[in-house]
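**Student:** Sharing a model prediction with you, sequence too.
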Amino acid sequence: MESTDADYLASLASILVAFVTIIFLLHRAWSHLSRTEPDKITNSITITSLKNPDLTVSKEPEIPEGWWSGREVFELERRALFSQTWLYLAHSSQFKKPGSYQSFDISGFPVFLIRGKDDKIRAFHNVCRHRAYTITRKETGVSTVFGCRYHGWSYDTTGRLVKAPQFDDVPGFDKSRNSLFEVHTHTTDQGMVFVNLNSGEPAAFDSLVASSLSGFARIAGLEAKSAWLTGQTLSGDFNWKVGARTRHLDVYTSELHRRMSEVSAPSLVMKFIRFITRKSTREECSLFPITVIYSFQGAGLCLALSFFPASESKTHIRYDVFAHSTVNEPDIRKISEVLQSAAKNLIVEIELEYQSISAKQRSSSELNNTDTRQLLSRLQEHTKLERIKGEQILPAMHKPEGSTLFQKADQFKCFGFQLRLTILLIYSSVQRARLCQRWVAERYFTKCT
Ligand code: FES
């Protein structure tokens with residue numbers, strides 16, 4: 001009798017599990033099937049109104065409303081600035097061997113840099129060409145093949161699609177037309193890697209930036225073979241423009257000084273701190289709009305500090321330290337620990353300042369800053385072009401390729417995939433319920449019979 005009850009209860013449980021699983025997975029499968037447009041990176045920019053009067057073109061630049069926390073200003077910055085400006089991302093020494101990669105988020109555009117088997121450093125949009133799933137699995141790592149976890153498409157280090165399970169026989173499907181979207185890169189003689197997200201032909205790399213960089217690198221001793229020591233990406237709740245004000249470095253360096261006086265530091269670290277805190281021995285090179293690179297004369301070290309906007313009120317801070325010569329492991333660990341602690345304190349400082357200035361929204365004193373004026377003029381120029389065209393201009397947009405036939409087949413394949421997954425999960429849940437039923441019956445009911 002008890003055994004029959006147990007059978008009944010376990011069967012009921014397995015039916016319930018299977019029923020809930022069916023409903024859930026069919027709902028997911030149906031959402032995919034009924035979606036007419038696949039998620040492409042091109043759809044990630046929201047179309048917003050062009051009617052904000054503060055963004056109109058005027059002779060005198062002025063700080064528009066929402067400068068520090070407005071979504072509309074941020075979207076305009078994405079189109080006018082981050083989608084078509086050469087941005088410093090990393091140094092070649094950060095990519096030690098073929099397959100070394102690093103992922104970035106540039107104002108909502110996921111991008112990764114990778115050293116290929118041919119030793120060339122390339123950049124790609126970090127989205128699968130099938131349904132825009134993220135390709136890299138970590139922020140940094142080494143891999144020569146990237147398999148998308150969603151449906152198994154795989155790419156090599158040149159972005160070429162090498163495997164697309166079950167798609168080879170789909171009419172209209174062409175692997176060679178489904179490589180990852182490549183991003184323009186420019187690597188300077190000193191090994192500094194810049195990217196430009198413009199999907200068309202970007203502006204040539206600024207020769208003025210190139211020459212000031214080469215002058216700086218000569219002083220700093222930064223070269224393609226410099227050694228990357230340490231680096232990290234941290235996040236803070238503030239607008240990137242607040243972080244990018246270089247005066248924050250003073251907060252950063254004084255914090256470094258304070259932290260270092262608390263520890264009995266190795267000589268190299270003390271040397272580094274001594275130089276980093278002395279402005280007279282500090283050289284800097286501002287790479288508009290998000291990076292400043294510092295060299296500390298005599299210390300043989302360089303520090304790159306970048307502010308990558310994630311949204312209008314969130315920013316990722318990336319710092320990297322480079323050395324002219326080999327540094328031992330304990331020194332690297334100490335430098336890393338101190339920099340991390342100082343960067344966290346820097347974030348707290350910037351967040352406090354952000355809270356205070358975002359309440360004011362506008363401040364004409366901002367116009368004294370050269371970077372702000374340059375940014376304003378870029379925004380105004382772009383707004384003017386959009387007004388002439390009568391619609392938003394999205395320079396980073398890639399036009400989706402592929403035939404309608406392929407897209408229909410793709411949806412069908414995906415439905416098939418979801419269906420198989422559903423069946424598999426139902427099967428495994430029924431099996432699990434049976435096992436559970438047997439386990440319960442053996443332990444609790446057989447003894448009573
Ligand atoms: S989203 Fe990458 S394989 Fe489908």
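**Tutor:** Ah, there it is.

**Student:** Going by C-alpha atoms from here, please, whenever you check contacts or count neighbours.
**Tutor:** Fine.

**Student:** so what's whatever residue of the stretch 1-150 of the chain ends up closest to the ligand scoring on pLDDT?
**Tutor:** Per CA to the nearest ligand atom, residue 131 is where the stretch 1-150 of the chain lies closest to the ligand, at 3.7 Å. Note on residue 131: pLDDT of 89.

**Student:** got it, and residue 36?
**Tutor:** Residue 36 carries a pLDDT value of 36.

**Student:** circling back: what about the residue of the stretch 1-150 of the chain closest to the ligand, neighbour count?
**Tutor:** 16 (other CA atoms under 10 Å).

**Student:** nearest residue to residue 158 other than its sequence neighbours?
**Tutor:** Closest residue to residue 158 apart from its sequence neighbours, by CA to CA, 6 or more residues apart in numbering: residue 116 at 6.3 Å.

**Student:** what sits against residue 112?
**Tutor:** 101-104, 123-126, 136 (CA atoms under 8 Å, 6 or more residues apart in numbering).

**Student:** what's near enough to touch the residue nearest to residue 158?
**Tutor:** Residue 116 sits in contact with 98-99, 122, 144, 157-158, where contact means CA under 8 Å, 6+ apart.

**Student:** For these, which two are the farthest from each other?
**Tutor:** Comparing all pairs in the contacts of residue 116 by CA to CA, the longest separation belongs to 122 and 144, at 12.9 Å.

**Student:** Between those two, point out the one with more neighbours.
**Tutor:** For residue 122 versus residue 144, the count of surrounding residues by other CA under 10 Å is larger for residue 122: 22 against 17.

**Student:** which helices and strands does whatever helix or strand the more buried one lives in pack with?
**Tutor:** Element membership for residue 122, per DSSP states H and E: strand 121-125. Applying 3 or more CA pairs under 8 Å, 6 or more residues apart in numbering; DSSP states H and E, we find strand 121-125 packed against strand 109-115, strand 182-187.

**Student:** Any stretches of the stretch 301-449 of the chain with poor pLDDT?
**Tutor:** Applying pLDDT under 70 to the stretch 301-449 of the chain flags the ranges 361-365, 367, 400-449.

**Student:** Which parts of it are strands?
**Tutor:** Listed in chain order, the strands of the stretch 301-449 of the chain (DSSP state E, counting those that start in this stretch) span 301-311, 314-323.

**Student:** closest one to residue 109 among those?
**Tutor:** Across the strands of the stretch 301-449 of the chain, residue 109 has its closest neighbour in strand 301-311 (8.7 Å, CA to CA).

**Student:** who in this structure is up against the ligand?
**Tutor:** Counting by CA under 6 Å from any ligand atom, the chain comes close to the ligand at 128, 130-133, 148, 150-153.

**Student:** Show me which pair in the residues you listed is furthest apart.
**Tutor:** 132 and 152 (12.4 Å).

**Student:** Can you pull the domain assignment for this structure?
**Tutor:** Domain ranges of the chain: 62-84+211-361+370-400, 87-205, per the TED database.

**Student:** least reliable of those domains going by mean pLDDT?
**Tutor:** Across these, domain 62-84+211-361+370-400 has the smallest mean pLDDT, namely a mean of 83.

**Student:** Could you give the number of residues near residue 158?
**Tutor:** Number of residues near residue 158 (other CA under 10 Å) recorded here: 22.

**Student:** One more: residue 86?
**Tutor:** If we define neighbours as other CA under 10 Å, then residue 86 has 25 of them.

**Student:** so it touches residue 192, yeah?
**Tutor:** No - in this structure residue 86 lies outside contact range of residue 192 using CA atoms under 8 Å: 11.6 Å.

**Student:** tell me, what's touching those two both at once?
**Tutor:** By CA under 8 Å, 6+ apart, no residue touches both residue 86 and residue 192.

**Student:** quick one on the thing from earlier: same question for the next helix or strand after the strand holding residue 122: list its buried residues.
**Tutor:** Using DSSP H and E, the helix or strand that follows strand 121-125 in sequence is strand 140-142. The neighbour-count criterion (16 or more other CA atoms under 10 Å) identifies 140, 142 as the buried residues of strand 140-142.

**Student:** helices and strands around strand 140-142, which ones?
**Tutor:** Using 3+ CA pairs under 8 Å, 6+ apart: strand 140-142 touches strand 100-106.

**Student:** For the strand it packs on, list every residue counted as buried.
**Tutor:** 100-106.

**Student:** mind listing the helices for the chain?
**Tutor:** 2-34, 71-77, 207-220, 240-243, 248-261, 267-276, 329-360, 370-389, 404-440 (DSSP state H).
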